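Trainee: heads up, no residue letters with this:
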């Protein structure tokens, strides 16, 4: 049973995913540390819940697709038990374990550093042929190490990466950030209800 269900409706209408380690936030305001990400145009919430002990997940897919049959997917995860965890170390674990589930899978760091006072990194993972689907899969993973949790936002393609999707995908992931109402140097935006 999920610890909580994300009630994203108030902010989804504004085109924004906003999640805290304690749950969803309302359009009335943010509290504490919050993950901020745009909802890609034409995407809808496909599923939400827990992806394991101490971690919450929300999956967004293009309208008309399902979480079982999708062409693209945005996956948002909050790992509550990984406060202050090195984002590159987390991605290296994914890279090192990848070939066990997808022979030939590779992971490469695109960028790492500080964003808004948080350690962050962006990785690209490629699976030439997923044995479960018989299709190639590619995903970018942006990881942000917060004081309250480790945040992951993945943008996945159930195909080889289309060249014309690279720049928009990276631009989308660069817009993902974390803010904290407790810290004046990491302010959260003002969001008004629609």
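Mentor: Received the coordinates, thanks. Quantities reported herein were computed from a predicted structural model and do not represent experimental measurements.
Trainee: pLDDT weak spots in this structure?
Mentor: Regions of the chain meeting the criterion pLDDT under 70 cover residues 1-29, 191-194.
Trainee: where do the helices sit along it?
Mentor: Secondary structure of the chain, counting by DSSP state H: helices at 9-12, 87-101, 166-174.
Trainee: Deepest-packed of those, please.
Mentor: Neighbour counts (mean count of other C-beta atoms under 10 Å) averaged over each of the helices of the chain peak at helix 9-12, with a mean of 18. Any C-beta I mention is one placed from the backbone N, CA and C, and that applies to glycine too.
Trainee: that older thread, how about JSON lines for the helices of the chain, with distance to residue 114 added?
Mentor: Listed next are the helices of the chain as JSON lines, based on distance: least, C-beta to C-beta, whole Å:
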{"stretch": "helix 9-12", "distance to residue 114": "26"}
{"stretch": "helix 87-101", "distance to residue 114": "11"}
{"stretch": "helix 166-174", "distance to residue 114": "14"}
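Trainee: give me every residue that touches residue 72.
Mentor: Residues near residue 72 by C-beta atoms under 8 Å, 6 or more residues apart in numbering: 61, 62, 155, 156, 157, 158.
Trainee: Quickly list what it is bridged to.
Mentor: residue 157 (DSSP bridges).
Trainee: Ok, which of the helices of the chain comes nearest residue 183?
Mentor: Nearest of these to residue 183, taken as C-beta to C-beta: helix 87-101 at 18.8 Å.
Trainee: mind checking how far that closest one is from the chain centre?
Mentor: 16 Å (C-alpha atoms, centre = their mean, to the nearest Å).
Trainee: which residues touch it?
Mentor: Contacts for helix 87-101 (C-beta under 8 Å, 6+ apart): 79, 82, 105-107, 109, 112, 119-121, 123, 125, 127, 131, 141, 143-145, 150, 152.
Trainee: one step back: tell me which of the helices of the chain lies nearest to residue 73.
Mentor: Comparing the helices of the chain by C-beta to C-beta, helix 166-174 comes nearest, at 11.9 Å.
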